[in-house]
Structures are given as structure tokens and as C-alpha cells.
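Engineer: Whatever this is, show me its structure:
(chains A and B)
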Number of protein chains: 2
Amino acid sequence: MTYCLGVVVDEGLLMVADTRTNAGVDNISCYRKLHILSDAPDRQLHLACSGSLSVSQSVLGHLAGHPGLADASSLFDAAEIVGKVLHDGNRALRDAHAGEKCTGASLLLGGRIGDEAPRLFQLYPEGNFIECKPDLPYLQIGETKYGRPILDRVITRRTPLAAAVKVAFLSFDSAMRSNLSVARPLDLMVLPSGAAEATILRIEQDDVYFNELSRRWSAALVQAAATMPDPWFMDEGRSCPLPNPVSALRAL
Amino acid sequence: MTYCLGVVVDEGLLMVADTRTNAGVDNISCYRKLHILSDAPDRQLHLACSGSLSVSQSVLGHLAGHPGLADASSLFDAAEIVGKVLHDGNRALRDAHAGEKCTGASLLLGGRIGDEAPRLFQLYPEGNFIECKPDLPYLQIGETKYGRPILDRVITRRTPLAAAVKVAFLSFDSAMRSNLSVARPLDLMVLPSGAAEATILRIEQDDVYFNELSRRWSAALVQAAATMPDPWFMDEGRSCPLPNPVSALRAL
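Structural biologist: Residues are numbered from 1 along each chain as shown, chains lettered A, B, ... in the order given. Next comes the predicted model:
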């Protein structure tokens, strides 16, 4: 498994991907999942891959030097090209499995062509895709569930880009803490609106900022939980239910 | 889908289950998933069900008045009986599907027989089972992932029972907020160590305590996220990456 996240806020776009691949828990490896298709000032194309590593690598191989990507006049046009290549790669794998269940690849495509504001697309294994829109300013692929509650509560289109990066890291911290199939190093791409170039960096296992964020976040959650009111039906002093609570409830 | 959670702490046992069943999103119903098999003072047996509703109901039907449950001298013995009935129910469904993929049922069995401390078992569709142990003081079935990060961070065997109920509710709040297949009403069972009877109550959609907890928890998370430090590589004032961060990083 893996976890990839893209967020679009007013101030720009960010994408994060982990690097863990696994075929069972006894065959774990580290592969980059966040790739640069183009980093020219007028053509920022970034791809995050989840699912079959062979399909992802096949897609990257077929996209390398693909003339359509250099000619595409919008990220939507680029997504159609990437979707076609992804469809072909997944279909080839499915045909080779001859009807047996197999897991293809899913993708996030983010970036900008020309004067566009940064955009983000999620491409399904069949090659069709959706674009990230303001009502839900993020898209996820892979092991998405552990890291979703914090996104649903905190991120909106108006979240500052720096805060969005921070919350994206918190989302990954939750996924990595509860599931072995998501792990550091993380790769991060940040493309501010109007910026000519993207920031790309890797968060290693010993990253001081990430480790401090993780430590503080755990402490903050424990502290926040402690300040929540205990259930009214539990006796505060003895930490056990009130006498005859069922009868008491029935009487309400 | 559904979500069921059992927690064993030093002060006792709690179990929570939602009530949503769905066959697709256009066929949603409300069914109780947390059932009392026995509530005698010396024989507390509580069952939470996830997965196929037909198998769960078949299991409950076969367990009703089952002589083995009245004779079992420990919760382990009861789990073996329940496991056998579950195995048979799932096998019948699988046979009826004749090799096609089908989803059986999984169970949590919690309670106490005689002078035992409260115990908790998770029963897999095949009928084999594991017991909850102090290193990981909870077990989950169903839609487990959204609600797991808060459990992993906050609950230990020494968490007071009232606080464990509260954190269990927070776990359900996260699952319900991010996934339609988990929904209120919730059913709660609390069995304090040494108590003769369990507390059983239902948390409805308009439950004042739960709604206040949910509201405060969201606010606390947003607040906690706001107090976390922004990434060092994002320019604080302008909320965009530092000038030439990639080059700067390469120079490190």
C-alpha cells in the first residue's frame, strides 16, 4: 500500500507521498511515488502513484518524453493524456491476469500549464479522472482512511499554504502510526500560486521538524482528549456508571 | 459497513456499535449490532456484529437458548461456542455463493462469567478468535481505520473507564464524520470490573452529550493544529517556500 495526498488551497498546491511498497509484510521496499514529469516555469507537472508499482513505472516510462505532454495547453489536457496511458497500463496487467483479481495503479496529477492557477486531478485505474474543487480541497489515493479525519476537520480552501503543509504532515503521521504500509521517507512538492518553480523536498526518518510535529501533535491530542467532558452517565469520582442508569434512562 | 469497538481497561470493559447497515448507498437501514446474549449477574455476554446482517442474525438465532452458553465456565469457553456457530453461518453463506466472493460476519464478544475480570474477544469469519490483551487494549471490527488514530494515541490499559468511553465516542465521531457507512444511533455497553450488571444505553442523533463532545473535539483539533509550528521551509510571512529552497537543501 501507500498513501498520497494532494491539497489545493487559494495560496497554491501541495502534494505528499510516502515511499513504502510492500508485497506482503515480509517484502517491504522503498520507492519514490512522487515524480516530476516537467518542472519548466510554464509547465509544472507532478505525478503521485499508488497501487501496482509495475503499472506506475510503466506509466512513467510511457510518459517520459511523451510529445502530448509538451504540447498540452492545460492541466486538463495533460490529465487526458496521462489517463489514456494509465488505462492502457492497467488493462495490460488485467489481461495478463486473465480475469483473476489484480490491483492496478491510481494517480494524482498536480501542477499548472502556462498561466493556470495550480490544479489537481485524481485518475482512477480505468483512466477516467476528477478534478479537486473548492468544496473538498484535497484528493487522496492509497491508504487514505487513517489520515482523513484531520483533513475533514481542518483544511478548507482558505487555509494558508504553510498550514496546509503542516496538516498534510499530520495526516501522514496518523496513517504511519496506525499502519505499517505507509512509511517515511515522505516526498513533498509545494507549488505556490504564481510561483515559477515548485519546492521539492524529502522528509527522512530523522527529520527534526517532522519528529517534533509528531511529538507535539500526540501530546496535543492526549491533552485535548483530557479536557473533553466525561459522559454524564459515568460517576465522576468512581469512574463507573451511575447507580441503576438503565432504570434512570427509562424514567427520562 | 459498520463500526464496532471494544475496549478493556483496568476499570472494566466497554463496547460500542453503530446501527447502520447498507447494501450500496441507496439501501441504508438501521439495525442493532450490539446484542445481549446474557445479562445475569454471574454471566455477562455481549455480542457486537459486523459484516453480513443475515449471518449475524443467523448466529444470534442459533445462540439464543444455546445450552453451551449457559454452561460455559469462562468467556473463553463461550467464545469457542460462538466461534463454532459463526463458522457454520459463514460457511453456509460461502457455499451458497458457490465460489463467488462474499462477505461473511465478524464478531466481538465481551463480558464475564463468574468471578472473571471482564474480557473481550474478536472472532474472525472462520470462527477462530483472539483475546484483547493489555499491550493493545482494544479490538475493532468493520470500518475501523478512521477511528483508530485517536485510540492508538490516547487509550492505555490504565485509562479510567469514563475516559475510555469518551475516547471511544471520539473514535466513532471521526468514523461517522468521514464515512457514510457508520452512523448513529450508537449502542453502548459498559461493564465495570466487579459490577454485577452492565450499563446499556443508546446514543441518538440528538444526544446532547455526544453532540457537545463532537463540537468541542472539532474545535480542539482545529485549535491544536493551529498551535503546531509551521514547516521551517515555508516563509512565515508570505506563506510560500523560502527563496531557492531546493538549492538551499542541496547545499545542506
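Engineer: what's the helix or strand harbouring A:T21 in contact with?
Structural biologist: Under the criterion of DSSP states H and E, A:T21 resides in strand A:20-22. By CB atoms under 8 Å, 6 or more residues apart in numbering or on different chains, the residues outside strand A:20-22 that reach it are A:1-2, A:28-31, A:53, A:180-183. Every residue, glycine included, has its C-beta placed from N, CA and C.
Engineer: quick one: strands adjacent to that strand?
Structural biologist: strand A:28-30 (antiparallel) (DSSP bridges).
Engineer: Tell me if the helix or strand following the strand it pairs with is near chain B.
Structural biologist: Per DSSP H and E, strand A:28-30 leads on to strand A:34-40 as the next helix or strand towards the C-terminus. No: using CB under 8 Å from any CB of the partner chain, strand A:34-40 stays clear of chain B, coming no nearer than 9.6 Å.
Engineer: So what's the gap between strand A:34-40 and the chain middle?
Structural biologist: Put simply, strand A:34-40 sits 17 Å off its chain's centre (CA atoms, centre = their mean, to the nearest Å).
Engineer: cool, and stretch A:47-58?
Structural biologist: Averaging C-alpha positions (CA atoms, centre = their mean) puts stretch A:47-58 14 Å from its chain's average.
Engineer: And chain B, is that stretch touching that?
Structural biologist: No: on the criterion CB under 8 Å from any CB, stretch A:47-58 is out of touch with chain B, staying 15.6 Å away.
Engineer: Distance across that stretch, terminal residue to terminal residue?
Structural biologist: 13 Å (CA to CA, to the nearest Å).
Engineer: How about that stretch, which residues are buried there?
Structural biologist: Residues of stretch A:47-58 classed as buried by neighbour count (16 or more other CB atoms under 10 Å in any protein chain shown): A:47-53, A:55-56, A:58.
Engineer: got CSV for these, with secondary structure too?
Structural biologist: What follows is the buried residues of stretch A:47-58, written out as CSV (DSSP: H, G, I helix; E, B strand; the rest coil):
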residue, secondary structure
A:L47, strand
A:A48, strand
A:C49, strand
A:S50, strand
A:G51, strand
A:S52, coil
A:L53, helix
A:V55, helix
A:S56, helix
A:S58, helix
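Engineer: Can you add distance to B:E80 and pLDDT and give the residues you listed back as TSV?
Structural biologist: Compiled in TSV, these are given as follows (distance: CB to CB, whole Å; pLDDT from 0 to 100):
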residue	distance to B:E80	pLDDT
A:L47	51	98
A:A48	47	98
A:C49	45	96
A:S50	41	96
A:G51	40	93
A:S52	41	91
A:L53	42	91
A:V55	44	93
A:S56	46	94
A:S58	49	94
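Engineer: which pair in the residues you listed spans the largest distance?
Structural biologist: Using CB to CB, the two most remote members of the buried residues of stretch A:47-58 are A:A48 and A:S58, lying 15.9 Å apart.
Engineer: okay, the buried residues of stretch A:47-58 in a markdown table with distance to A:V82 next?
Structural biologist: Shown next, in a markdown table, are the buried residues of stretch A:47-58 (distance: CB to CB, whole Å):
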| residue | distance to A:V82 |
| --- | --- |
| A:L47 | 7 |
| A:A48 | 12 |
| A:C49 | 11 |
| A:S50 | 14 |
| A:G51 | 14 |
| A:S52 | 16 |
| A:L53 | 17 |
| A:V55 | 13 |
| A:S56 | 12 |
| A:S58 | 12 |
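Engineer: any idea which of the residues you listed is closest to chain B?
Structural biologist: Relative to chain B, the closest of the buried residues of stretch A:47-58 is A:S50; by CB to the nearest CB it sits at 15.6 Å.
Engineer: I'd say the closest one and A:C4 touch.
Structural biologist: Yes: at 5.3 Å, A:S50 counts as touching A:C4 under the criterion of CB atoms under 8 Å.
Engineer: okay, and the common contacts of those two?
Structural biologist: Common neighbours of A:S50 and A:C4 (CB under 8 Å, 6+ apart) are A:33, A:141-142.
Engineer: Pick the one among those residues closest to A:V16.
Structural biologist: A:K33 (9.7 Å).
Engineer: What residues does that closest one make contact with?
Structural biologist: A:2, A:4, A:17-19, A:48-50, A:56, A:187.
Engineer: and of those, the nearest to A:Q205?
Structural biologist: Using CB to CB, those come closest to A:Q205 at A:T19, 10.6 Å.
Engineer: before we move on, back to that, is it possible to get JSON lines of the shared contacts of A:S50 and A:C4 that adds pLDDT?
Structural biologist: Shown next, in JSON lines, are the shared contacts of A:S50 and A:C4 (pLDDT from 0 to 100):
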{"residue": "A:K33", "pLDDT": "95"}
{"residue": "A:I141", "pLDDT": "97"}
{"residue": "A:G142", "pLDDT": "95"}
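Engineer: How about the residues of the stretch 51-200 of chain A by chain B?
Structural biologist: Contacts of the stretch 51-200 of chain A with chain B, taken as CB under 8 Å from any CB, map to A:145-146, A:148-150, A:152-154, A:160-163, A:165-167, A:169-170, A:174, A:177-179, A:190, A:192, A:195, A:197, A:199-200.
Engineer: Please check the residues you listed and keep the buried ones.
Structural biologist: Judged by 16+ other CB under 10 Å, buried ones among those: A:145-146, A:148-150, A:152-154, A:160-163, A:165-167, A:169-170, A:174, A:177-179, A:190, A:192, A:195, A:199-200.
Engineer: Among those, which lie within strands?
Structural biologist: A:190, A:192, A:199-200 (DSSP state E).
Engineer: how about those, which pair is most distant?
Structural biologist: Among those, A:P192 and A:I200 lie farthest apart (CB to CB), at 12.9 Å.
Engineer: Need the three-state assignment for A:R184.
Structural biologist: Applying three-state DSSP: A:R184 is coil.
Engineer: again but with A:R202, I slipped
Structural biologist: The three-state assignment at A:R202 reads strand, by three-state DSSP.
Engineer: separation between it and A:R184?
Structural biologist: Between A:R202 and A:R184 the distance is 9 Å, computed by CB to CB, to the nearest Å.
Engineer: I am finished for the moment; much appreciated.
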